[in-house]
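Could you work out the structure for the sequence below:
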Amino acid sequence: MSRIDYTRKVLTEEWCIADVQTVRDDLGDDDAFTVLEKLTNVGADRGINWKIIKSVADSYFPDKNNFLDEPVGVLAINTRVSNCLIYFGIRTIRQLVSHSAEDLLKLEFFGKHSLLNIRKCLNVFAEARCIDPLYLKNDIGEDE
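As a prediction, this is how the structure comes out:
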């Protein structure tokens, strides 16, 4: 038996799809199996634990919910709009989507063009991350 076959055998005896889904319940069976396959590259001789399983799962399948805590700068909004949001304490996507379009339009130096820029960038960001734009739960991402 080759070393790779031995490693796969050990992994399949020790860890299973349900284990991967314990640390990442959003992964389906196929994705969880892919994580198990990637763990063979880590090597069973180094030891595999829950933290390593989660780390490998996150590196191959980023958690779609983590995007809310990313800075607004990742949205590629223009600098003036970004600076305006930061000035008013809106630093993360979570903080941004907690405000309605009406709330944002009340901010000083924040107008309709700023709102349109944010809407466009939120939609592009959501599409790139395969996130349903409806997940943003408010009227910022809606076109008028």
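
Helices of this protein, residue ranges please.
Under the criterion DSSP state H, the chain carries helices at the ranges 3-14, 17-23, 29-42, 50-60, 79-87, 93-97, 101-105, 112-128.

Mind pulling up the pLDDT for the closest residue to residue 92 other than its chain neighbours?
Closest residue to residue 92 apart from its sequence neighbours, by C-beta to C-beta, 6 or more residues apart in numbering: residue 69 at 5.6 Å. Just so you know, the C-beta spots here come from the backbone N, C-alpha and C atoms, and that holds for glycine as well. Per-residue pLDDT puts residue 69 at 80.

Pull the number of nearby residues for residue 69.
Each residue near residue 69 was counted by other C-beta atoms under 10 Å, and the total is 11.

Wait, it touches residue 93, no?
Yes: Residue 69 sits in contact with residue 93 when judged by C-beta atoms under 8 Å, with a separation of 7.4 Å.

sorry, back to before: format the helices of the chain as TSV; extra columns: mean pLDDT, mean neighbour count and distance to residue 73.
Formatted as TSV, the helices of the chain follow (pLDDT from 0 to 100; neighbours: other C-beta atoms under 10 Å; distance: least, C-beta to C-beta, whole Å):
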stretch	mean pLDDT	mean neighbour count	distance to residue 73
helix 3-14	55	13	39
helix 17-23	87	16	29
helix 29-42	83	16	29
helix 50-60	83	15	21
helix 79-87	91	16	6
helix 93-97	88	18	10
helix 101-105	90	15	17
helix 112-128	87	16	10
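
the domain parsing of the chain - what is it?
3-61, 66-141 (automatic domain parsing).

tell me the contacts of residue 16?
residue 36 (C-beta atoms under 8 Å, 6 or more residues apart in numbering).

Could you pull up phi and psi at it?
Here the main-chain torsion angles of residue 16 (degrees, to the nearest 10) amount to phi -140, psi 180.

And the pLDDT for it?
Residue-level confidence at residue 16 comes out at 83, pLDDT.

before we move on, what about residue 139?
Per-residue pLDDT puts residue 139 at 59.

For residue 28, see how far away residue 121 is.
For residue 121, the distance to residue 28 (C-beta to C-beta, to the nearest Å) stands at 29 Å.

Sorry, wrong one. I was asking about residue 95.
With distances taken as C-beta to C-beta, residue 95 is found 31 Å from residue 28.
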